[in-house]
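Chemist: here is a sequence together with a model predicted from it:
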Amino acid sequence: MATGVAGASTGRSGSGARAAAAPPIVWGVADDASKFADDGGAWFYGELKGANLSTNRWTLAWDSTAPTTIKELAFLQRAAPQAQAAGVHILLALYAGTPSPTATQHDPTQFCAWAAQVATVAQVWGIHDFVVWHEPNTRLYWSPQKDDAGNDVAAPAYEALLAQCYDTIHAADPAANVIGMGLSPRASTSASTEPLVFLRDVGKAYKASGRTTPIMDQLSVHPYPNPSAPDDSPDVGYGVADRFGIPNMDRVKQAVWDAFNGTGQPTTISAVKPLTLVVDEIGWQTDTTQYPQYVNKENVATISEQTQADFIKKMAEKYFACDPAVVSVQLFLLADEQYRDGRDANGNSLGGGWQSGLLTAGGSGVSAHKSAYSQVASDFAAGRGACSGSMISWTPKGSTSGGTTYSGGTGGTGGSSTSATVGNLNGLFILDFVTALQRIAVAQQQATPFVYSGVIQNFLASTQTSLDTLLASMHPGTSLTMSGSLIACTGVCDAGTILRSFLNFYFNNLAPRSLSKANAKLTKVASFTTTVKPGKKVSAKLKLALKKNAKAPVGSYYLVVALKNKADAKTKYGFAVQLRSVQAKLLVKRKK
């Protein structure tokens with residue numbers, strides 16, 4: 001893979017690099033159709049899961065003329081519980097919308113107060129991921145971009161908004177994951193800003209502000225092919241160094257490094273909780289001339305359905321599944337839009353006009369699966385296992401720390417063993433009870449039994465440094481008693497109640513409260529107890545709690561962990577981690 005910045009290096013292995021476990025990658029779609037569906041998205045989610053996709057990004061518009069109102073709340077109330085029940089993970093992209101003049105309305109105080117309100121409401125449905133704004137480097141979504149002298153004014157203004165929203169959203173929901181930018185891959189007009197210039201300018205504004213805490217937990221990018229050649233394959237990037245396509249992720253990583261190295265905002269290779277990348281829009285439009293349900297003529301170059309399948313497969317197997325910095329990918333869309341040019345039959349402008357879905361337009365009873373729907377489903381299920389080569393390592397220009405060599409991505413679609421990782425947990429260790437819920441994805445291997453012990457061992461290994469830091473901050477030389485349970489929740493799951501109930505059990509020996517009134521059923525699948533000693537490797541023997549030959553219950557899975565200081569019984573800590581994509585077909589593996 002060619003580098004986008006001279007001096008930076010991208011490769012598949014490297015001497016002197018530090019070893020690390022590649023975090024999981026999850027796949028889904030960016031599509032609002034489920035949010036607006038009369039059935040709450042029931043048909044949509046059945047089709048989504050049929051392709052082994054597990055995430056859905058929705059947009060949510062802020063109206064500056066009614067700045068404290070969630071205009072689409074009724075749609076959320078109908079669709080979000082349906083998504084939660086289906087086990088589909090929702091991301092919300094928050095930005096200004098109609099009827100206000102979208103691009104010029106970006107008051108940080110008003111917008112971020114509204115964003116906090118959204119976070120407060122959404123967490124009841126298990127929604128904790130928020131993309132703050134959409135393509136702010138383009139004049140279409142953020143204006144003005146430049147002042148009369150040609151200076152970038154959009155990036156400093158956006159940095160102030162992102163920083164404020166980071167604080168307000170996290171205050172409203174301690175488990176929130178704030179995703180920055182949603183960068184367009186190119187300046188859409190001469191009045192817009194090239195994305196990597198914009199990113200570096202955000203870094204300059206961050207440094208000038210004097211802030212020492214992060215402004216984003218992840219970075220969102222939209223690596224579409226050049227609109228002048230929308231039928232380009234994933235191998236074709238951009239010739240302009242400050243733009244990026246699928247093969248140009250090294251440019252994004254370098255821009256992040258240039259912008260934030262040495263500050264309180266982590267970069268993609270930070271030792272503690274590195275900044276990961278979310279691709280929340282990507283796709284290619286297909287030829288739909290053979291179908292009768294579409295309206296108007298196509299206005300862009302298209303590709304065949306088979307070529308679309310080939311492109312998505314290459315994108316997964318050669319690039320994103322092999323890039324440990326990329327942890328989430330949303331295809332745009334699941335099902336095509338009916339109007340090819342974004343205008344209805346009467347010529348009225350509706351916007352959109354995309355035929356890049358895995359399904360044709362029409363919905364239940366009309367939509368048909370395109371070739372990619374079935375051909376790439378195994379890659380979506382395999383996660384990192386879809387990588388057809390070694391994991392990508394990368395070293396920035398100006399770095400003396402070496403790159404990072406990652407494990408867990410080789411072996412074609414079969415992949416490696418199931419694993420899970422999390423970032424730094426220091427922010428989650430809160431005295432008494434943790435109200436925050438930190439989610440991790442589980443790399444689910446197709447048709448392979450889910451081995452809970454492997455998940456927990458990987459989890460413990462990934463948190464070793466944080467546990468040592470925690471011990472050092474308490475009483476030097478002491479030990480912790482760590483107890484944990486793997487909990488399956490079927491129905492409407494309240495993560496905060498689950499966490500408090502089980503910590504109450506571990507700390508006070510009180511049986512977990514029944515959640516029947518919350519329309520949920522809890523099942524303890526497994527448990528463990530171990531001792532954590534300073535500087536010692538953590539290990540735990542997992543005791544399964546299900547009956548012999550029982551299947552893993554369908555629902556949301558939580559690993560609840562409690563820690564007590566042996567030298568000071570009053571010092572207690574706890575946290576919970578949600579494990580995604582656990583299905584009934586995955587059996588508990590037992591020794592005979």
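Modeler: Arrived safely.
Chemist: so the closest residue to residue 200 other than its chain neighbours is in which element?
Modeler: Spatial nearest neighbour of residue 200, chain neighbours left out: residue 259 (4.9 Å); criterion: Cβ to Cβ, 6 or more residues apart in numbering. Where you see a C-beta, it was placed from the backbone N, CA and C, and this is true even at glycine. Assigned by DSSP states H and E, residue 259 belongs to helix 249-260.
Chemist: so what touches that helix?
Modeler: The contact list for helix 249-260, computed with Cβ atoms under 8 Å, 6 or more residues apart in numbering, reads 1, 3-5, 8, 10, 183, 196, 199-200, 202-204, 206, 219, 221, 223, 241-244, 265-269, 275, 277, 319, 323, 325-326, 394, 396-399.
Chemist: I'd like to know which elements the next helix or strand along the chain from that helix is packed against.
Modeler: Next in sequence after helix 249-260, counting helices and strands by DSSP H and E, comes strand 276-279. Judged by 3 or more Cβ pairs under 8 Å, 6 or more residues apart in numbering; DSSP states H and E, strand 276-279 is in contact with strand 218-221, strand 326-331.
Chemist: does residue 524 touch residue 485 like I think?
Modeler: Yes - with contacts counted by Cβ atoms under 8 Å, residue 524 reaches residue 485, the gap being 5.4 Å.
Chemist: what does the model give the nearest residue to residue 168 once chain neighbours are set aside for pLDDT?
Modeler: In this structure, residue 168 finds its nearest non-sequential neighbour in residue 116, 3.9 Å apart by Cβ to Cβ, 6+ apart. Looking at residue 116, its pLDDT is 97.
Chemist: could you check how far residue 116 is from residue 158?
Modeler: 18 Å (Cβ to Cβ, to the nearest Å).
Chemist: coming back round to it: between residue 524 and residue 485, which one's more packed in?
Modeler: Between residue 524 and residue 485, residue 485 has the larger neighbour count (other Cβ atoms under 10 Å), namely 23 against 16.
Chemist: same for the strand or helix carrying the more buried one, what does it pack against?
Modeler: Take DSSP H and E as the rule and residue 485 turns out to sit in strand 480-491. In this structure, strand 480-491 packs against helix 452-462, helix 464-473, helix 495-508, strand 520-532, strand 556-565, with contacts taken as 3+ Cβ pairs under 8 Å, 6+ apart.
Chemist: so residue 349 sits against residue 339, correct?
Modeler: No - assessed by Cβ under 8 Å, residue 349 is found out of contact with residue 339, at 9.7 Å.
Chemist: neighbour count: those two, which is higher?
Modeler: Using other Cβ under 10 Å as the criterion, residue 349 and residue 339 rank with residue 339 on top: 21 against 11.
Chemist: who's in contact with that one?
Modeler: Applying Cβ under 8 Å, 6+ apart, we find residue 339 in contact with 294-296, 350, 352-353.
Chemist: what's the answer for residue 135, then?
Modeler: Contacts of residue 135 were listed using Cβ under 8 Å, 6+ apart, and they are 141-142, 182-184, 188, 222.
Chemist: ChimeraX command to pick out the buried ones of those residues?
Modeler: Command for ChimeraX that selects the buried part of the contacts of residue 135, burial taken from 16 or more other Cβ atoms under 10 Å:
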select :141,142,182,183,184,188,222
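Chemist: for the contacts of residue 135, which one is nearest residue 481?
Modeler: If you rank these by distance to residue 481 using Cβ to Cβ, residue 182 comes first, at 43.5 Å.
Chemist: please tell me the pLDDT value assigned to residue 523.
Modeler: Looking at residue 523, its pLDDT reads 79.
Chemist: spatially nearest residue to it, not counting backbone neighbours?
Modeler: Using Cβ to Cβ, 6+ apart and skipping the chain neighbours, the partner closest in space to residue 523 is residue 488 (4.4 Å).
Chemist: any idea how far residue 524 is from that neighbour?
Modeler: 8 Å.
Chemist: so residue 343 is in contact with residue 349, correct?
Modeler: Yes - with contact defined as Cβ under 8 Å, residue 343 reaches residue 349; the gap is 5.5 Å.
Chemist: OK, contacts around residue 371?
Modeler: Residue 371 makes contact with 305-306, 308-309 under the criterion Cβ under 8 Å, 6+ apart.
Chemist: hmm, which of those residues are the buried ones?
Modeler: Listed as buried from the contacts of residue 371 are 305, 308-309; burial here means 16+ other Cβ under 10 Å.
Chemist: closest to residue 27 out of those residues?
Modeler: residue 309 (14.3 Å).
Chemist: spell out which helix or strand contains that closest one, please.
Modeler: Using DSSP H and E, residue 309 sits within helix 305-314.
Chemist: with residue 170 instead?
Modeler: Element membership of residue 170, judged by DSSP H and E, is helix 154-172.
Chemist: ranges for the helices of the stretch 51-200 of the chain?
Modeler: Using DSSP state H, counting those that start in this stretch, the helices of the stretch 51-200 of the chain run over 73-86, 108-122, 154-172, 195-209.
Chemist: now those helices in TSV, with mean neighbour count and distance to residue 330?
Modeler: Converted to TSV, those look like this (neighbours: other Cβ atoms under 10 Å; distance: least, Cβ to Cβ, whole Å):
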stretch	mean neighbour count	distance to residue 330
helix 73-86	18	14
helix 108-122	20	17
helix 154-172	22	20
helix 195-209	22	18
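Chemist: ok, which of those helices comes nearest residue 32?
Modeler: Nearest of those (Cβ to Cβ): helix 73-86, 8.8 Å.
Chemist: what helices or strands is the closest one leaning on?
Modeler: On a contact count with 3+ Cβ pairs under 8 Å, 6+ apart, helix 73-86 meets helix 33-36, helix 42-50, strand 89-96, helix 108-122.
Chemist: TSV for the ones you listed, including distance to residue 26?
Modeler: Putting the helices and strands packed on helix 73-86 into TSV (distance: least, Cβ to Cβ, whole Å) gives the following:
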stretch	distance to residue 26
helix 33-36	17
helix 42-50	12
strand 89-96	7
helix 108-122	19
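Chemist: to residue 177, which of those lies closest?
Modeler: strand 89-96 (8.6 Å).
Chemist: what pairs with the closest one, and is each one parallel or antiparallel?
Modeler: Strand pairing for strand 89-96, determined by DSSP bridges: strand 55-62 (parallel), strand 129-132 (parallel).
Chemist: highest average neighbour count across these?
Modeler: strand 129-132 (a mean of 26; mean count of other Cβ atoms under 10 Å).
Chemist: and the contacts of that one?
Modeler: So strand 129-132 is in contact with 57, 89-95, 115, 118-119, 161-162, 165-166, 169, 176-182, 216, 220, 278, 280, going by Cβ under 8 Å, 6+ apart.
Chemist: repeat that for stretch 152-167.
Modeler: For stretch 152-167, contacts defined as Cβ under 8 Å, 6+ apart pick out 94, 106, 108-109, 111-112, 115-116, 130, 132-133, 136-137, 142-147, 178, 180-181, 193, 197-199, 201-202, 204-206, 208-209, 211, 213-216.
Chemist: mind picking out the helix or strand in the chain with the poorest mean pLDDT?
Modeler: For the chain, using mean pLDDT, DSSP states H and E, the weakest element among its helices and strands is strand 438-440, scoring a mean of 24.
Chemist: do you know how far the closest residue to residue 48 other than its chain neighbours is from residue 76?
Modeler: Nearest non-adjacent residue to residue 48, counting by Cβ to Cβ, 6+ apart: residue 334, 6.0 Å away. Distance, residue 334 to residue 76, by Cβ to Cβ: 18 Å.
Chemist: ok, now residue 317?
Modeler: Distance, residue 317 to residue 76, by Cβ to Cβ: 35 Å.
Chemist: before we move on, what about residue 36?
Modeler: From residue 36 to residue 76 the distance is 11 Å (Cβ to Cβ).
Chemist: next: residue 337.
Modeler: 22 Å.
Chemist: pipe the buried ones among the contacts of residue 371 into JSON lines and attach pLDDT and distance to residue 50 per row.
Modeler: Putting these into JSON lines (pLDDT from 0 to 100; distance: Cβ to Cβ, whole Å) gives the following:
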{"residue": "305", "pLDDT": "98", "distance to residue 50": "17"}
{"residue": "308", "pLDDT": "98", "distance to residue 50": "17"}
{"residue": "309", "pLDDT": "98", "distance to residue 50": "15"}
